[in-house]
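In: sequence and predicted model, in that order:
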Amino acid sequence: MSLPPVEPPLRRILVVLDASSHSLVALQSAADLAAKVGADLLGLFVEDANLLQWAGLPFAREVGGVAGVARRLDSPAMERSLKVQAQRSRLALAAIAEPWRLRWTFRVVRGNVAEEVLAAAHEVDLVCLGKMGRQPSIGSRLGPVARSVAAGAPRSVLLTKHAIAARHGVGVLYEGTQAAVKALWAAAKLTREEGGLTVLIPAANGAAAQLLEDEATQLLRSRGLSARYRWLDSSKTEAQLHLLQQDRDSLVVASADSPLVCMLLEELDSPVLLVR
Amino acid sequence: MKNKSSLTPLKKTVRPLQPKQLYHRCDPAQFKFKTTAELEDVSEVVGQARAVGAVRFGIGMRRAGYNLFAFGPAGVGKHTLVRGFIEKQAADEATASDWCYVNNFDQPHKPHALQLPPGQAVALSHDMEQLVEDLGSAIPAAFESEDYRTRKQVIENALKDRQESAFGALQHGAEARGIALLRTPEGFAFGPLRAAKVLGPDEFDKLPVEERQRIEKDVAELEEQLRALLRQFPQWEKETRQKIKALNREMAIYVVEHAADSLRQKYVALPAVVEYLNAVQQDVIVNVHDFLHPQEGESAIVDVARAHNLANAPAFRRYRVNVLVNSDAAHGAPVVYEDNPTYSNLIGRVEYIAQMGTLVTDFNLIKPGALHKACGGYLLIDAHKLLIQPFAWEGLKRALRASRIDIESLGQMLSLVSTVSLEPQPIPLAVKVVLLGEPLLYYLLSQYDSEFPELFKVAADFNEDMPRTSDNLLLYARLIGSLARREALLPFTRDAVARIIEHSARMTGDAEKLSAHMGDLADLLREADYWALQVGQKTVDAEDVQRAIDARIYRSDRLRELVHEEIQRGTLLIDSEGEKVGQVNGLSVLSMNHFAFGRPSRITARVWLGKGDVVDIEREVELGGPIHSKGVMILTAFLGGRYAAEYPLTLSASLVFEQSYGPVEGDSASSAELYALLSALADVPLKQSLAVTGSVNQHGIVQPIGGVNEKIEGFFDVCRARGLTGEQGVLIPASNVKHLMLRHDVVEAAAAGKFHIYPVETIDHGMELLTGVRMGARYKNGGYPENTLNRRVAERLAALSEKKQVMLALTGGE
């Protein structure tokens, strides 16, 4: 088996803010985590270049999301709107960070949202963002920005839809790979109480699952830890994930390389931490 | 004495009464027992046959309006008797129904009343608490079940899919035209797309005109489609909500029906309860969310403790059962005595609790009244207490008349308060009310309350006394025995019993009666027992009874002593020797609580020529009562009728109670006043060694009066203190002889010839005794014999009349 890797310490956490409710949940989770490990928060608001460009068009009209009323929009108006959102995001960050006495910075950049987030990700150890942003995502529970970041970020990514509950359980996907071991350690670190860790083992049959379970047990035992185990039958993983979702407050940890990442993000409402 | 010298002295006079007439002794020898311990208890009530009959009838009569009014003097044992009969009767009757109030789910301000068999109300209350407790865990469990969650998820996902596919179609349509759907800060927008980027204004301007126009047209069309789509969303969401609601309902029905079914089975014989349970089921189904509030961090399965608390939570108060009447412990029909019959204590009330500074209430705060508790049984109330409580009498009558209990607070009734209130469903009332009170209240109500005779058709009239027959004497002895046993007193010897009987007769003021006043009798027995125990006896003897009587008198006779002391010291002027014209010793009675004593009063009369009226000074100064005034007017009539039938009565006279500074009432002094008046008219002195009592009619017949014993004793005490001369005595109406139960010392003095009691039938007899001269019988032609008192009076009046006529002639009739 592999040697226990040294987990990189969490010093800076990037939280992507766009004034949507999902981003506020991400902010809450990021602050929670930052307070626990003593990390700094970096709030990032990206002024969508696409929107600004579009607002310059002569026929640019906006259809209200609530009432469905169309109204004329121009660039200055769009800039003002974005400034308001940035301001609200900053206030939200300050309001959450200050009671925790967290060090925080807030940055506003202009450009393609996903590109800017990925660029900023290089400066931090973890990226937090809501599963859905403001951009419409059709036929998916994952917004386009979250999808790009999850796939392309150089660091671990925490995707949230609901806040992580105070007494949450932690589930971790373990496939026996090196990356999965890393995820296992990260999950073990985030488990707050004894017995709160559930190892989810995707395997085609019971024998394979048993093998992986023994492996994980041994690993955990080496650090004096224990866990519950759950076999995710490859033929009905989706249905089993639906059952998992009943505990939507629990945190699910997986390696970013795991083949199940897509399914996890699409099917689960629980916060998902992709470990890199 | 020259006034009298010309008159014929009396040869034959009224004989004083024999000692045995002064005191109607009860001979202990007539009793065969030694002590009352040998006697059987009395099972029936002594001396109240009429009342007992009425009570039996009233209790047995099962028709509306046959309520009972038991009246008689305080202490005759009304309460004990009525309660005894009722309790006996109630024990054999069916136990009354239970009553409770439950929520009316349609109109919460009109709670429903439920009638249940005895003991069932509490059971239903517990069952409902258990039901809520069960639902408190069963409902959350059902809603946490995988089945429910999956079905709910399916419904929610269906909405999402529908929205997303609609959006997707729109977006695909847009993309096909090279147009992107954008999310702006406040909504959506469409923009031309080139290589995954929105076209800027510069690039757009570079496009050919047709292209630009096409794009603009396409965007406008897409916007229209988007608007149409967004308008559909609320409807879709509503449909989804309704589907979830229907699902919730389905789950709730499944859980509640299961839980309520066992209760419905249990109460299947009570359609009203089943109906209520159905209503509860409907309400739980509608309000199922009340049961679904897991606290933060709490597990999905609600723990037992929380479920238990659930039943007490405000939201679940509406499922409680407010037990008003619980006949569980009772055997037979209820018998309730309401000691404090206020309106709300009778009718029941609705209480309030303060919540956020306002007063609120619900059916749980309905409190029962005595009528509820007595429903199906008997309610005893003191009439006086009832009548002094505002609105209580009217409230009781209304309930009896309507045969139902309507709980309505006084504040509500009088529009004094306007808080939210309840109109509880009336409860049918079947109760027999027994009012207990003084006769005066009964007669006043009969006279002034037209509804009273309708509602209280049975009057139980309690006697104050009973005849002193030999049967009753033995019964009385057994009664004494029973009371002694019940009170754990020493047994009474037959001598003691005899003495008690004598005292009882004295208390009624009639030698031929016995007091039916059980309270006083019991007091006397207890006190005699006390004195017997003081000297360490095993039985109560006549001496102990006497001591109890004496001690009681001593405790209360301070005022009497004061009066007699002042007479002794000459402050209150009373002569008990010699003779005086126009002055006589009258006798009055002062009565306080249970003690009465006699007091001699000097009555004087003066006469002069006048208009023919007798002036009652007491009346002139408004100290004389109407009956006293009537007595004095009768005197005028007597004088006129006897002496001045054929010429005008030109006498004026004044009568006065000397040294009397308080009100004078009653006509018992009218004979004394007449004696004083005749003495003044005839100018013949009256013996001051005699005192008189008795009223008189227009024909000069002396009529009986009350308190004869006390009056005689009052004068006797004065004479004895000054020394008995053998001349002294009292004139009493002959018809009062049967009332005599005089003190032993008076009887002894009479036996020794030192004090005399004269029974007098007419004024003439009295005058002869007081003056020692003949009155003279009237001739057929109208005159009176020479040298008689009557002649003297007639002549005096005639002379006065003549004088008056002379004066009238001289003054010309002015």
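Out: That came through, no problem.
In: where does chain B have low pLDDT?
Out: Within chain B, the set of residues satisfying pLDDT under 70 comprises B:1-3, B:293-312, B:328-330, B:418, B:420, B:813-814.
In: list the helices and strands the biggest helix by length in it packs on?
Out: The residue-count maximum for a helix in chain B (DSSP state H) belongs to helix B:209-266. Counting contacts by 3 or more C-beta pairs under 8 Å, 6 or more residues apart in numbering or on different chains; DSSP states H and E, helix B:209-266 packs against strand A:61-64, helix B:120-144, helix B:146-176, strand B:179-184, strand B:187-194, helix B:201-206, helix B:271-286. For the C-beta atoms, the positions are set from N, CA and C on the backbone; glycine is no exception.
In: tell me the angle that helix makes with strand B:179-184.
Out: Angle, helix B:209-266 to strand B:179-184, by axes from the mean of the first three to the mean of the last three C-alpha atoms, to 10 degrees: 60 degrees.
In: export the helices and strands packed on helix B:209-266 to CSV and tack on distance to B:L414?
Out: As requested, the helices and strands packed on helix B:209-266 are exported to CSV (distance: least, C-beta to C-beta, whole Å):
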stretch, distance to B:L414
strand A:61-64, 59
helix B:120-144, 32
helix B:146-176, 54
strand B:179-184, 66
strand B:187-194, 62
helix B:201-206, 81
helix B:271-286, 33
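In: just the helices in the stretch 1-150 of chain A please.
Out: Counting by DSSP state H, counting those that start in this stretch, one finds helices in the stretch 1-150 of chain A at the ranges A:21-37, A:49-55, A:75-100, A:113-121, A:144-152.
In: looking at those, which is buried most?
Out: With neighbours taken as mean count of other C-beta atoms under 10 Å in any protein chain shown, the helices of the stretch 1-150 of chain A reach their highest mean count in helix A:49-55, at a mean of 22.
In: and B:P663, how many residues sit next to it?
Out: By the criterion of other C-beta atoms under 10 Å in any protein chain shown, B:P663 has 11 neighbours.
In: and what of the one 5 residues further on?
Out: The tally of other residues near B:S668 (other C-beta under 10 Å) stands at 26.
In: so how far is B:T693 from it?
Out: For B:S668, the distance to B:T693 equals 6 Å [C-beta to C-beta, to the nearest Å].
In: now do the shared contacts for the two.
Out: Common contact partners of B:S668 and B:T693 (C-beta atoms under 8 Å, 6 or more residues apart in numbering or on different chains): B:L587, B:I705, B:K711.
In: among these, which lie within helices?
Out: Per DSSP H, helices hold the following members of the shared contacts of B:S668 and B:T693: B:K711.
In: JSON lines please, covering the shared contacts of B:S668 and B:T693 and showing distance to chain A and neighbour count.
Out: Conversion of the shared contacts of B:S668 and B:T693 to JSON lines gives the following (distance: C-beta to the nearest C-beta, whole Å; neighbours: other C-beta atoms under 10 Å in any protein chain shown):
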{"residue": "B:L587", "distance to chain A": "101", "neighbour count": "28"}
{"residue": "B:I705", "distance to chain A": "99", "neighbour count": "23"}
{"residue": "B:K711", "distance to chain A": "99", "neighbour count": "28"}
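In: coming back round to it: now the angle from the longest helix of chain B to helix B:120-144?
Out: Using the same axes, to 10 degrees: helix B:209-266 against helix B:120-144 is 150 degrees.
In: could you figure out how far helix B:209-266 is turned away from helix B:271-286?
Out: Between the axes of helix B:209-266 and helix B:271-286, defined by the same axes, to 10 degrees, the angle is 160 degrees.
In: give me the angle between helix B:209-266 and strand B:187-194.
Out: Using the same axes, to 10 degrees: helix B:209-266 against strand B:187-194 is 140 degrees.
In: now helix B:209-266 against helix B:146-176, angle please.
Out: Using the same axes, to 10 degrees: helix B:209-266 against helix B:146-176 is 170 degrees.
In: could you point out which of the helices of the stretch 1-150 of chain A sits nearest B:T762?
Out: In terms of C-beta to C-beta, the element of the helices of the stretch 1-150 of chain A nearest to B:T762 is helix A:75-100, at 116.0 Å.
In: so the closest one, near chain B or not?
Out: Yes. Interface with chain B: helix A:75-100 contributes A:M78, A:S81, A:L82, A:V84, A:Q85 (C-beta under 8 Å from any C-beta of the partner chain).
In: show me the contacts for B:Y675.
Out: Contacts of B:Y675 (C-beta under 8 Å, 6+ apart): B:V584, B:L686, B:V692, B:I763, B:G766, B:M767, B:L770.
In: is it possible to get JSON lines of the residues you listed that adds neighbour count and distance to B:V154?
Out: JSON lines is the format used below for these (neighbours: other C-beta atoms under 10 Å in any protein chain shown; distance: C-beta to C-beta, whole Å):
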{"residue": "B:V584", "neighbour count": "30", "distance to B:V154": "118"}
{"residue": "B:L686", "neighbour count": "28", "distance to B:V154": "123"}
{"residue": "B:V692", "neighbour count": "31", "distance to B:V154": "115"}
{"residue": "B:I763", "neighbour count": "24", "distance to B:V154": "119"}
{"residue": "B:G766", "neighbour count": "30", "distance to B:V154": "119"}
{"residue": "B:M767", "neighbour count": "27", "distance to B:V154": "124"}
{"residue": "B:L770", "neighbour count": "27", "distance to B:V154": "123"}
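In: out of those, flag the one nearest to chain A.
Out: Nearest to chain A among those: B:V692, at 107.3 Å, using C-beta to the nearest C-beta.
In: could you check how far the closest one is from A:L10?
Out: Distance, B:V692 to A:L10, by C-beta to C-beta: 125 Å.
In: for chain A, list the residue farthest from the centre, please.
Out: Farthest-out residue of chain A from its mean C-alpha position, per C-alpha atoms, centre = their mean: A:P58, at 37.9 Å.
In: so B:R63 sits in a helix?
Out: No. Under DSSP: H, G, I helix; E, B strand; the rest coil, B:R63 falls outside any helix and is assigned coil.
In: for it, give its distance to chain A.
Out: 70 Å (C-beta to the nearest C-beta, to the nearest Å).
In: how far away is that residue from B:P28?
Out: Remark: distance between B:R63 and B:P28 (C-beta to C-beta) = 50 Å.
In: tell me which of the two has more neighbours.
Out: Each of B:R63 and B:P28 has its neighbours counted (other C-beta under 10 Å); B:P28 has more, 15 against 6.
In: so the more buried one sits against B:A498, correct?
Out: Yes. Applying C-beta atoms under 8 Å, one finds B:P28 in contact with B:A498, separated by 4.2 Å.
In: which neighbours do those two have in common?
Out: By C-beta under 8 Å, 6+ apart, the residues touching both B:P28 and B:A498 are B:A542.
In: on that earlier part again, distance to B:A370 and mean neighbour count added to the helices and strands packed on helix B:209-266, as TSV?
Out: Compiled in TSV, the helices and strands packed on helix B:209-266 are given as follows (distance: least, C-beta to C-beta, whole Å; neighbours: other C-beta atoms under 10 Å in any protein chain shown):
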stretch	distance to B:A370	mean neighbour count
strand A:61-64	69	20
helix B:120-144	18	20
helix B:146-176	52	15
strand B:179-184	74	22
strand B:187-194	71	23
helix B:201-206	91	14
helix B:271-286	25	18
